[in-house]
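Participant: no sequence for this one, just the structure:
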């Protein structure tokens, strides 16, 4: 029987992915609205409410790392991660790069443009895909995995965790100082702390669970309300100083908010209504595909809307626009992932090919409960 923690993992995965798709479809520009409009504050609130997904995914990654890494040598574990995660990521990121830059570059060449222009177009596309779109996540994830594998002898050390926290804090301060490019997608050391934190949650899960169970859900809701308010205020200040990334994931207020949201989900536990979304089998596929639809599908279906039109939206107009974008992207992505899941192309979303029906002349091999548990846990990782 699978460990109880895996229900918690599936719940976090599903809710975190819903939040990330909502964020990507709700984002309509950094400087569309002005602080003197009510729509400005409603817009910031709509983004802040779903800004916990990225940090939650790193925590979950660390949790699963602690659960599975002991079974393999460091090199073998990293190899498995690359095989199951990197190959689908490479396919979809290259597909996005092709749509964004490679195909346009070829069209430019055929129309008489210079080779230099074509190369610069592809280079711009590569930076956009791997540094500024959602495809940055797997690069950072594999980096965090490598760091923890190389530091396994220190993984239980709180001093090591504090050092990682200081690295994260550097990026939080850098949002204001801009010593280096203040984009969380380029914060290569910024998320290792949350990966390490997931390991600690795994190692001390029973104590943590016992502690948060004693806390009323109302206190969690109050804490989240306060941290959402602080997150909106911090983002508004960063807007006022024309920050490059005013809704940066590594803002101090957003870190506290994300950890509070994570704790609340862990506290609630029961999200059985999410089971029909099959988070264990669909989450990674949705992560890989949805951003391509945000970029290429939404403009075709909903048309390009200029900044002046967006700026004239009322609060209800904006929320309707955001919800429509989310509904279209999530629904179509989910359908695509389900179709791939049951086909020979299931490797594109990180799943093994469906097993073929075996003739009755060759009875199925009996698998022990222990082997079945390991297989389930490996897939969950």
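Facilitator: Here it is on my side, so go on. Keep in mind that this is a model prediction, so the values were computed, not measured.
Participant: With adjacent residues omitted, what lies nearest to the most centrally placed residue in the chain?
Facilitator: With distances taken as C-alpha atoms, centre = their mean, residue 54 lies nearest the centre of the chain, 4.3 Å away. For residue 54, the nearest residue in space outside its immediate sequence neighbours is residue 249; the separation is 5.1 Å by C-beta to C-beta, 6 or more residues apart in numbering. C-beta here means a position set from N, CA and C on the backbone, and glycine is covered the same way.
Participant: Isn't the residue nearest to the centre of the chain up against residue 20?
Facilitator: Yes - applying C-beta atoms under 8 Å as the test, residue 54 and residue 20 come out as touching, 6.7 Å apart.
Participant: Strands of the stretch 51-200 of the chain, residue ranges please.
Facilitator: Listed in chain order, the strands found in the stretch 51-200 of the chain under DSSP state E, counting those that start in this stretch amount to none.
Participant: And the helices in it?
Facilitator: In the stretch 51-200 of the chain, the segments counted as helices under DSSP state H, counting those that start in this stretch are 53-68, 74-81, 87-97, 103-110, 115-127, 136-150, 158-177, 192-203.
Participant: what does the stretch 251-381 of the chain give?
Facilitator: If you assign secondary structure with DSSP H, counting those that start in this stretch, the helices in the stretch 251-381 of the chain sit at 252-268, 279-292, 298-302, 307-311, 315-341, 369-380.
Participant: Ok, which of those helices comes nearest residue 9?
Facilitator: Residue 9 sits nearest to helix 369-380 of all the helices of the stretch 251-381 of the chain, at 6.1 Å, using C-beta to C-beta.
Participant: OK, contacts around the residue nearest to the centre of the chain?
Facilitator: Contacts for residue 54 (C-beta atoms under 8 Å, 6 or more residues apart in numbering) come out as 16, 20, 137, 184, 191, 249, 258.
Participant: Buried ones from those residues, can you make that a PyMOL selection?
Facilitator: Selection of the buried residues among those in PyMOL, burial being defined by 16 or more other C-beta atoms under 10 Å:
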select buried, resi 16+20+137+184+191+249+258
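Participant: that older thread, the helices of the stretch 51-200 of the chain into CSV, with extra columns for mean pLDDT and distance to residue 323?
Facilitator: What follows is these, written out as CSV (pLDDT from 0 to 100; distance: least, C-beta to C-beta, whole Å):
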stretch, mean pLDDT, distance to residue 323
helix 53-68, 93, 17
helix 74-81, 76, 35
helix 87-97, 96, 24
helix 103-110, 94, 31
helix 115-127, 95, 30
helix 136-150, 93, 24
helix 158-177, 97, 29
helix 192-203, 96, 29
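Participant: would you list those helices in CSV and tack on distance to residue 29?
Facilitator: Below are those laid out as CSV (distance: least, C-beta to C-beta, whole Å):
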stretch, distance to residue 29
helix 53-68, 20
helix 74-81, 35
helix 87-97, 20
helix 103-110, 22
helix 115-127, 19
helix 136-150, 20
helix 158-177, 19
helix 192-203, 28
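Participant: Which one of those lies nearest to residue 314?
Facilitator: Among the helices of the stretch 51-200 of the chain, helix 53-68 sits nearest to residue 314 (C-beta to C-beta), with 27.2 Å.
Participant: Report the buried residues of that closest one.
Facilitator: By 16+ other C-beta under 10 Å, the buried positions in helix 53-68 come out as 53-68.
Participant: Just give me the closest of those to residue 115.
Facilitator: The nearest one, if we look at the buried residues of helix 53-68 relative to residue 115 and count by C-beta to C-beta, is residue 54, at 37.8 Å.
Participant: Could you give the number of residues near residue 69?
Facilitator: Using other C-beta atoms under 10 Å, residue 69 is surrounded by 22 other residues.
Participant: okay, now the spatially closest residue to it that is not a sequence neighbour: neighbour count?
Facilitator: Sequence neighbours aside, residue 77 is the residue nearest to residue 69 in space, at 5.2 Å (criterion: C-beta to C-beta, 6+ apart). Applying other C-beta under 10 Å, we find 19 residues neighbouring residue 77.
Participant: So residue 77 versus residue 65, what's the distance?
Facilitator: Here residue 77 is placed at a distance of 8 Å from residue 65 (C-beta to C-beta, to the nearest Å).
Participant: Quick check: neighbours shared by these two?
Facilitator: Jointly contacting residue 77 and residue 65 under the rule C-beta under 8 Å, 6+ apart are residue 145.
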